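>>> Pasted the sequence and its predicted model underneath.
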Amino acid sequence: MTLLLPILAQSSGWQGVADGNGLAISITGMLIVFVALTAITLFIAALPKVLAAIEPWFPESAGHHHGAAPSAPASAPASAADDGAVIAAIGFAVHSRSQGGKP
């Protein structure tokens, strides 16, 4: 608690900012943020060029890393009407459940 008393004894308001070098500290902080944001912007802008330059060493694989989506069985081809019916059934079930009924 004894460390807090000298801080409370300092000037307040703009005089306290001037006494504590607040203007220099705030300008330094803004410059640090500006330089960091500029570096991020330059990195994002240069990323396509860097990726194109390293593509010969690390080529894109033929398949996707996440695997292929499971396909429908050959005996039951899916159509847009079936998708619409499934979506309508799901919507009805959610609505019924929210109203307190059973689907």
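Looks like it arrived, so ask away.
>>> any chance you could map the helices in this protein?
For the chain, applying DSSP state H gives helices covering 4-9, 14-19, 22-54, 80-98.
>>> So for Glu60, which of the ones you listed sits nearest?
Ranking these by proximity to Glu60 (C-beta to C-beta) places helix 22-54 first, at 9.7 Å. Placement of C-beta: from N, CA and C, glycine included.
>>> Just the mean pLDDT for the closest one, thanks.
Confidence over helix 22-54 (mean pLDDT, whole number) is 95.
>>> Can you report how many residues neighbour the closest residue to Val17 other than its chain neighbours?
Nearest non-adjacent residue to Val17, counting by C-beta to C-beta, 6 or more residues apart in numbering: Leu23, 6.6 Å away. Leu23: 11 surrounding residues under other C-beta atoms under 10 Å.
>>> Settle this for me: Leu23 is touching Gly16, isn't it.
No. Look at Leu23 against Gly16 with C-beta atoms under 8 Å: they stay out of range, at 11.6 Å.
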